[in-house]
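In: okay, here's the prediction I keep looking at, along with the sequence it came from:
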Amino acid sequence: MPTVSAGELATTVPFLEELDAETSRPISSIMYWMIPQGTEVPDWWSPGRDKYLREFWPKVDPLKIAVTIFVNKAISVPFHVQPRDNNVKRHVQEAAVVEQIIKVQSGIFRGFDIEMSKFYQDFLTQDNGGFLYVMGYDSVSLPLSGAAQGLQHMDSRRCTRTGDPTWPVVFESEKGKRFKIHHSRVISMSNLPSPDMDMHGVGYCPVTCALDSATESRDVHRYNQEKFGSRPKRQILYVRKGATLEQLTLAVEHGDDKMDTEGLERFSRTLLLAPKNPNGELDLGMIDLASTPDGFNRIDVAIIDSTQVAAAFGLDPFDMLLNYGQGGSDAGSEVQERRSRGRGVATILSALRKELELKFLPSHLKASFDNVDDQQDEHQARIWSTRSEARQRDLTTGATTPTVERYRMLRNSEITEEEFGAMQLDDGILPNGLDVFSLFFSTDEIHARVLEPIISISENPLIAEDNDADAIIDAVFEVEKLAYEWYPKVQTAFVGQRIKQALAAAHKLRAFYEEEKMAEEAEMAAEEAMSAGMEPEMVMPQEEPVSSEDPTL
């Protein structure tokens, strides 16, 4: 793996060029973050709202738990870079190098997991979404040239979406300088993007989606803190007659001093007050401060709020309810484990994989997030086994065809597109369903180049009687030679796939002519036998007689 210094790698990190005012159309500015808001929660959407959300979620336990669970799940899924064609050794080696670059150099050697953790937090808690900068040399406003050098998280509150397809994001530095970033250098994602074109992809983050439930949970927690914390007064004792305000005040102060002496920091006793003159009349009233509202049950409220937060984050409710003893029995632990992986995590990893392949990886490499889990693999294997049995039954009865079943396997992610194409080629069929013989009439330059030895000696190699079988078979060997020399040098999976398809067409053509030759030779042998007055079957090869001295008898 190529090594670079931290100083050299730092030169790839934004931001090196100040923004030209006329090249962007920002919908907001970082300065608006400092504007005070008239209500507790600013309206959607404004930078002030994201500022509020960033300060709000760490103060609410269900949101902190949901963010932590989501980020930990996403980070724990192993990330890999793989070649699209494992037969190309150079691509296999390049995939290993690129994977190390992403994992090690991201964040200027902070590492891939650290940068992704910050990205996921912004995605979950900011309506503006999460932003990653694809590190590379040259100006950030120019297209990425050369290999990417890693990923760098960009603070969402400093990123402005412009709606410009060339420079979709403007970044504002701590010193107030603004930089336009070319689309090839930025990965931006938001949850539930707004269909309003003017918002340029600003969405509704999970915290926004669960804001009412989270606010209720915070208020309940605050209520309990105020009720149980700091030795709150449990009752108000007020005088109807029989004592003065001064006497009552002195009694309250005396009671507080006595509780301090007894070491009572949180529990408060009820004050008792009697007149100094035992013959006097004292009339008191009482207001209770310690009881909860009618019908209030903190566990029920917590469960409802946590379930709604889990739904907003795309997590399974059991992820949150385990904190309240609602996780269920051990018998259902396997089901809960599968469900707890979360749809939200899978969704963002799928979207991120596509972005990395588009912005970071060359076309002959692919990204993958594969959760290595024995239970999950075992469960998936049982599903595939059941499908395989049904598939074999349908093929045997003729209810379906191999091509149809392969399409189903591809749709169910049982095989990859590369595997699907290979299976089709083994049967002499292209991925689009056409016979590989159609390639002899293809206008594709790669197909034509590989099949040129055959095409050059026949306008239509599929008409056996118009062609010399030996010449066609010899031409197939020339095609093999050309393909085997060219394939190790290909730069993209696209070219490699075209070479494989052309080679499959040549092999099928050779088998076709060899069968024609065998049929022709058999026919000639039969004619010769008949002209000699012999039955045709008499000229067929006969087994050698076995010697009676053969020791195997």
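Out: That came through fine.

In: got the domain boundaries for the chain?
Out: Following automatic domain parsing, the chain resolves into domains at 6-203, 233-288, 435-537.

In: looking at those domains, which is closest to Gly314?
Out: Nearest to Gly314 among these is domain 6-203 (7.8 Å), distances taken as Cβ to Cβ. For glycine as for every other residue, the C-beta is placed from the backbone atoms N, C-alpha and C.

In: how far does that closest one sit from its chain's centre?
Out: 15 Å (Cα atoms, centre = their mean, to the nearest Å).

In: likewise stretch 392-399?
Out: 36 Å.

In: what does stretch 211-220 give?
Out: Shown here is stretch 211-220, whose average C-alpha point lies 29 Å from the average C-alpha point of the whole chain (Cα atoms, centre = their mean).

In: pull the residues that contact it.
Out: Applying Cβ atoms under 8 Å, 6 or more residues apart in numbering, the contact partners of stretch 211-220 are 41, 53, 56-57, 59-63, 207, 298, 301-302, 304-306, 308-309, 312.

In: flag the shaky bits of this protein, pLDDT-wise.
Out: Under the criterion pLDDT under 70, the flagged ranges of the chain are 1-3, 6-7, 13-39, 225-245, 248, 262-296, 322-342, 371-380, 533-553.

In: most centrally placed residue in it?
Out: When the chain is reduced to its mean C-alpha position, the closest residue under Cα atoms, centre = their mean turns out to be Leu349, at 0.9 Å.

In: ok, and the closest non-adjacent residue to it?
Out: Spatially, and ignoring its direct neighbours in sequence, Leu349 is nearest to Phe369 (4.4 Å; Cβ to Cβ, 6 or more residues apart in numbering).

In: before we move on, back to that, filter the contacts of stretch 211-220 down to the buried ones.
Out: Neighbour counting with 16 or more other Cβ atoms under 10 Å marks 53, 56-57, 60-63, 207, 302, 305-306, 308-309, 312 as buried within the contacts of stretch 211-220.

In: counting only helices, which of those make the cut?
Out: Secondary-structure check on the buried ones among the contacts of stretch 211-220 using DSSP state H: residues within helices are Leu53, Phe56, Asp61, Pro62, Leu63, Val207, Ala302, Asp305, Ser306, Gln308, Val309, Ala312.

In: what about the third one, distance to Tyr137?
Out: Here Asp61 is placed at a distance of 45 Å from Tyr137 (Cβ to Cβ, to the nearest Å).

In: likewise for the first one?
Out: Taking Cβ to Cβ as the measure, Leu53 falls 35 Å from Tyr137.

In: show me what the one helix or strand Ala525 maps to is packed against.
Out: Ala525 is part of helix 493-531 when elements are defined by DSSP states H and E. Contacts of helix 493-531 with other secondary structure elements, assessed using 3 or more Cβ pairs under 8 Å, 6 or more residues apart in numbering; DSSP states H and E, are made with helix 417-426, helix 445-450, helix 469-486.

In: go through that helix and flag the buried ones.
Out: By 16+ other Cβ under 10 Å, the buried positions in helix 493-531 come out as 493, 495-510, 512-513, 526, 529.

In: that one vs helix 469-486, what angle?
Out: 160 degrees (axes from the mean of the first three to the mean of the last three Cα atoms, to 10 degrees).

In: how far off helix 417-426 does helix 493-531 point, in degrees?
Out: Helix 493-531 runs at 20 degrees relative to helix 417-426, counting by the same axes, to 10 degrees.

In: residues near His153, how many?
Out: Using other Cβ atoms under 10 Å, the number of residues around His153 comes to 21.

In: swap in the one 3 residues further on?
Out: Neighbour count for Ser156, taken as other Cβ under 10 Å: 24.
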